[in-house]
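1. Build the 3D model from these lines:
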Amino acid sequence: MSIPQSGGGPIERHEQLAEYLASGCKPKADWRIGTEHEKFGYCKDTLKPLPFEGDRSIVAVLEGLRDRHGWTEVREGGHLIGLEKDGANVSLEPGGALELSGAPLETIHATCDEVNIHLREVKDIADEIGVGFIGLGAAPIWTHEQMPLMPKGRYKLMDAYMGKVGTMGRVMMRRTCTVQVNIDFASEADMVQKLRVALALQPVATALFANSPFFEGKPNGHKSWRSRVWRDLDSARTGMLPFVFEDGFGFEAYAQYALDVPMYFVYRDGKYIDALGMSFRDFLQGKLPALPGETPTLSDWADHLTTAFPEARIKKYMEMRGADGGPWRRLCALPAFWVGLTYEQSALDAAWDLVKDWDAETREGLRVAASVGGLQAEANGIHMHDLARQVVEIAEHGLATRARPGAGGLVPDETHFLNALKESLETGQVPADELLAQYHGDWDGDLTRIYAEYSY
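-> As a prediction, the model looks like this:
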């Protein structure tokens, strides 16, 4: 989840809303890659989720990272709730999952190194205090009651609201994890093409990275339960955004969409003020019930943009949001997938050619089918395995064309980061399939074995 934004002046013209989004445009030479990933922490002896405080706890892990690895602490209301260093930050998801929001980096080599260093640092602290971390899309066994809610004002407000909209909001908050990639755009036209490709092909990412076939101790009938959860969270702020594919779409149309997303909060003087269900349009007119007579700043707008949760979204950059949390190799494969598709024009054009004739029903059908079937999904005559093969080939072409070397020049490009996905395409098996095979095979239905065998 995002941290509060700062530094924005007053909004005096409606045009500033779209201009804020457009201010993210940058030349190709300045494009960067940001990788974010979440993982569940647990006590190794009990296999129960970490409490917030105590000898074996979230705070103990954060303090260890602060004291031993040079991170600077972030506090809210007197509580240690995050860390920051070198453009990256470590934050807490509502149920205590630990998230690394990586720095904007030039290559996948660099972002993968960052992920690897982070996991090594976390393991260094965790092993010492008897804690483990595991990358999955959904908590396999834990119940709602076992998951602590983190002491962040934003989460307290969201938790109350989630009980009033949809059916899965509180499940998402406490018991799901994702990995996402943030990419840049050069212009409004570039943003439009990238966002259309991102939304249309998000189900392919969901299928290839599906890693949540268990919930509350048993198989749940889905390869990606996390994706299933997001479909019944809050229809006002989730989904595939059909309007993005309409003629004339651009920054202004996205701003209009965001204005229609009900508010969660306004952040003032270190505190979250309850604005649940209120309208940012009213806020612009000084008519927000929570702050009568006060008008918003660009920081308020930036905060509000973080409360829309579609499958791909824009702020000053674009976020790809369709993948389950997972094993180390796939944490590096996701940026390779999306950078390969979007950072070379020939690859982006090829990806758009693949999806440009799909209608909204097809895109939504693929989204639903991917969560259930992974690579075995099918919708409107489109077979996911075949589609994924084509998409990964385009991504590989894009990375080869991009030709960013690593390992001091010994590795010519970033294509090898796709190897985990190519293996899935060869076998037809994604992580969820492997987990289910273990559950029905060697584990003999003992799901507790997942922790020892799949933790970082």
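2. Show residues contacting stretch 257-274.
-> 4-5, 17, 76-77, 153-154, 156-158, 161, 236-237, 241, 243, 275-281, 283, 288, 290-291, 296, 299-300, 303-305, 307-308 (C-beta atoms under 8 Å, 6 or more residues apart in numbering). For every residue, glycine as well, the C-beta is placed using N, CA and C.
3. try it again with 6 Å
-> With C-beta atoms under 6 Å, 6 or more residues apart in numbering as the test, stretch 257-274 has contacts from 4, 153-154, 157, 236-237, 275, 277-278, 280-281, 290, 303, 305, 307-308.
4. of all these, which two lie farthest apart?
-> Farthest-apart pair in the contacts of stretch 257-274 is Gly153 and Arg281; separation 23.7 Å (C-beta to C-beta).
5. For these two, indicate the residue with more neighbours.
-> Taking neighbours as other C-beta atoms under 10 Å, Gly153 and Arg281 compare with Gly153 leading, 18 against 14.
6. and the residue nearest to that one when sequence neighbours are not counted, how far is that from Tyr155?
-> The shortest distance from Gly153 to any non-neighbouring residue, by C-beta to C-beta, 6 or more residues apart in numbering, is to Tyr272 (3.3 Å). Here Tyr272 is placed at a distance of 9 Å from Tyr155 (C-beta to C-beta, to the nearest Å).
7. Next: Val59.
-> Counting by C-beta to C-beta - Val59 and Tyr155 are separated by 16 Å.
8. Neighbour count for the two, which is higher?
-> Between Val59 and Tyr155, counting by other C-beta under 10 Å, Tyr155 is the more crowded of the two (21 against 17).
9. wait, doesn't the more buried one sit right on Pro94?
-> Yes - Tyr155 is in contact with Pro94 according to C-beta atoms under 6 Å; the separation is 4.4 Å.
10. mind listing what the nearest residue to Leu298 once chain neighbours are set aside touches?
-> Distance criterion C-beta to C-beta, 6+ apart; nearest residue to Leu298, sequence neighbours excluded, is Gly8 at 2.7 Å. Contact analysis of Gly8 by C-beta under 6 Å, 6+ apart lists Thr297, Leu298, Ser299.
11. for Val131, same thing?
-> Gly41, Arg56.
12. what about 8 Å?
-> Gly41, Tyr42, Cys43, Lys44, Leu50, Arg56, Ala60, Val61, Ile125.
13. want to throw these into CSV with neighbour count and pLDDT?
-> Formatted as CSV, the contacts of Val131 follow (neighbours: other C-beta atoms under 10 Å; pLDDT from 0 to 100):
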residue, neighbour count, pLDDT
Gly41, 23, 98
Tyr42, 22, 98
Cys43, 18, 98
Lys44, 16, 97
Leu50, 27, 97
Arg56, 19, 97
Ala60, 23, 98
Val61, 24, 98
Ile125, 20, 98
